[in-house]
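**Student:** Got a sequence here, can you model it:
(2 chains)
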Amino acid sequence: MSDTAMAEAPPQAAGLATAAEARNIRWPWQRHPSPEAVAEKAALSAEIERLRAQLEQAHWDREAAEDRCRDLESAARSAAAEHARLTAETRREVAAVHSASRQAQAQIGELARGLQELMQVDKTFERWHEAMDGVLTHNGGMHRKNDDFTLIVRQMTIVTLNASIEAARAGAEGRGFAVVAEEMRSLAARAETLSSDYRKSLYENDLITTATFQDLQAGGKMIMGALVGLDLAQRNAMETLAPQQGAEP
Amino acid sequence: MISNSARQGFDQLLHQGLRSAFTGPDDSVTDIVPVASMDDIAESLAVMLVVSSYRFRLMMWIHFEPDAATREHFARLHGVSLDQMSGQAFNDAINECGNMACGALNRGLGRTFPHVGMSTPYVLDCKSLAHLHLLQHNHCSHARLTLNGNTQFHGSLAVCAYDSLDFEPTAEEEVEVCGELEMF
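**Tutor:** Numbering: from 1, shown residues only, chains lettered A, B, ... in the order given. This next block holds a predicted model:
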């Protein structure tokens, strides 16, 4: 029997015990406990200690968990406040970006209109083309006139040569006519030189005019190419900015 | 003002241009050689084009004689009869030839110079080319293209530089048979 059982001996046993002590009598519950009872008592005591320690640890764990919970609640409140602040800030920034985007779109639109205007410079190039074509056609006309003039001068040379021959045949009477014929031949020779120089100048003119005209034309193409490139760049920029407007809050 | 490398580059582009302009699918280029002077070129007419940039202008000429041999070459190139290759058709063929040659130059130069433009062709009397010095060019070269061992054509170019020009010649391109007829 365990100590607890002995401690719970009937109340009338106390009196019996006193009497027994007087007569040196030992009742069963006053006998020494058995080794099994002692071992069981020790095991139970150890178990009680272990459970007590476990209970104490659980108590501390609960306290720590409650502290952690309070910390987390505090952190969550701070995070919520920060989130609200950042959301408001982001909204302000997005609004600013959209405003800048609209401004940029307006500026690009202005640039696009300017480019479209400037592309009309093509008409100026066409006008130059027509004017220069007219100059070259005019040069061609001058070539033909000069060729006619050269033919006339050659004919004049032949005529003056014939006149000189006829003057020589006429002898002394033709002397005056020979002087005139010689003078005419000299004039024809000078006219031929002049015509030749003029032809050379026309060929020079053809080369310089054509080179200048084609330089203007090619330069115009270069400018148009650059304008088309800029127009494409502004269209791409406009397309890049356009989706932002759709996403505006 | 024009580096030796750039001069070689221009000459190489002229050669490429001549190949592009005159070579058909049935033709083989025998050789392309430099010609020392315009005096060594006998043709009476030339189709002229210009490639312009704000840094230079390049003038190019394809010399030709409007004779039966030339007409025959272009008739074969365009797959038409000799009779059909006359008058306006021949003028168009010559102009297209100039466009193709100059187009090859234009494309080649466009790889180095971002802003270039090309003119339309114009036919000149070669007597005008005797006064080439009036253009005050900084570089001039001529080339002779021999096709199929016997047919010869000539091309020339002159470059006026308004800035220092230096670029590396590029590898010879494949001959492009497509035209680049530009109308202003």
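
**Student:** rest of the way, CA atoms for contacts and neighbours
**Tutor:** Fine.

**Student:** Where does residue 46 sit: helix, strand or coil?
**Tutor:** I'll assume chain A. Under the three-state scheme (DSSP: H, G, I helix; E, B strand; the rest coil), residue A:46 adopts helix.

**Student:** Chain B was what I was after
**Tutor:** strand.

**Student:** Can you name the residues that contact residue 108?
**Tutor:** If you meant another chain, say so; for now it's chain A. Residues counted as contacts of residue A:108 (Cα atoms under 8 Å, 6 or more residues apart in numbering or on different chains) are A:234, A:237, A:238.

**Student:** Actually, chain B is the one I wanted.
**Tutor:** With contacts defined as Cα under 8 Å, 6+ apart, the neighbours of residue B:108 are residue B:13.

**Student:** Quick one: mean pLDDT for the one helix or strand it maps to?
**Tutor:** Residue B:108 is part of helix B:88-110 when elements are defined by DSSP states H and E. Averaged across helix B:88-110, the pLDDT comes to 94.

**Student:** Then stretch A:143-152?
**Tutor:** Predicted confidence along stretch A:143-152 averages 93 (mean pLDDT).

**Student:** residues contacting residue 45?
**Tutor:** No chain was given, so I picked chain A. When contacts are counted by Cα under 8 Å, 6+ apart, residue A:45 touches no other residue.

**Student:** Not quite, go with chain B.
**Tutor:** B:63, B:64, B:65, B:66, B:123, B:124, B:125, B:126.

**Student:** avg pLDDT for stretch B:47-62?
**Tutor:** For stretch B:47-62, the mean pLDDT works out to 96.

**Student:** could you dump that stretch to CSV, C-alpha only?
**Tutor:** C-alpha atoms of stretch B:47-62 as CSV (Å, rounded to 0.1, in the frame of the first residue of the first chain):
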residue,chain,number,x,y,z
VAL,B,47,24.2,58.1,-118.6
MET,B,48,25.0,60.2,-115.5
LEU,B,49,23.8,59.8,-111.9
VAL,B,50,24.7,61.4,-108.6
VAL,B,51,24.8,60.0,-105.0
SER,B,52,24.8,62.9,-102.5
SER,B,53,25.6,63.3,-98.9
TYR,B,54,26.4,66.4,-96.9
ARG,B,55,30.0,65.1,-96.8
PHE,B,56,30.5,64.3,-100.5
ARG,B,57,28.9,64.0,-103.8
LEU,B,58,29.7,61.1,-106.1
MET,B,59,29.0,61.4,-109.8
MET,B,60,28.9,58.2,-111.9
TRP,B,61,28.7,57.7,-115.6
ILE,B,62,27.9,54.6,-117.6
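
**Student:** just to revisit the earlier point, closest one to residue B:17 out of the contacts of residue A:108, please.
**Tutor:** When the contacts of residue A:108 are compared for distance to residue B:17 (Cα to Cα), residue A:234 wins out at 34.5 Å.

**Student:** do you know how far the nearest residue to residue B:147 once chain neighbours are set aside is from residue A:99?
**Tutor:** Nearest residue to residue B:147 in three dimensions, chain neighbours excluded: residue B:29, at 4.7 Å (Cα to Cα, 6 or more residues apart in numbering or on different chains). The span separating residue B:29 from residue A:99 equals 64 Å under the rule Cα to Cα, to the nearest Å.

**Student:** cool, and residue B:62?
**Tutor:** Taking Cα to Cα as the measure, residue B:62 falls 58 Å from residue A:99.

**Student:** now do residue A:207
**Tutor:** Relative to residue A:99, and taking Cα to Cα, residue A:207 is found at 57 Å.

**Student:** before we move on, what about residue B:107?
**Tutor:** When distance is defined by Cα to Cα, residue B:107 is 43 Å away from residue A:99.

**Student:** again with residue B:19
**Tutor:** Distance from residue B:19 to residue A:99, by Cα to Cα: 57 Å.

**Student:** what bits of the chain have low per-residue confidence?
**Tutor:** All of this refers to chain A. Per-residue confidence of chain A (counting by pLDDT under 70) places the weak regions at A:1-31, A:243-249.

**Student:** looking at chain B here, not the other one
**Tutor:** Regions of chain B meeting the criterion pLDDT under 70 cover residues B:171-184.

**Student:** related to what we said a few turns ago, which of residue B:62 and residue A:99 has more neighbours?
**Tutor:** When neighbours are counted by other Cα atoms under 10 Å in any protein chain shown, residue B:62 comes out ahead of the other of residue B:62 and residue A:99, with 28 against 14.

**Student:** did I read that right, that one in a strand?
**Tutor:** Yes - counting by three-state DSSP, residue B:62 is found in a strand.
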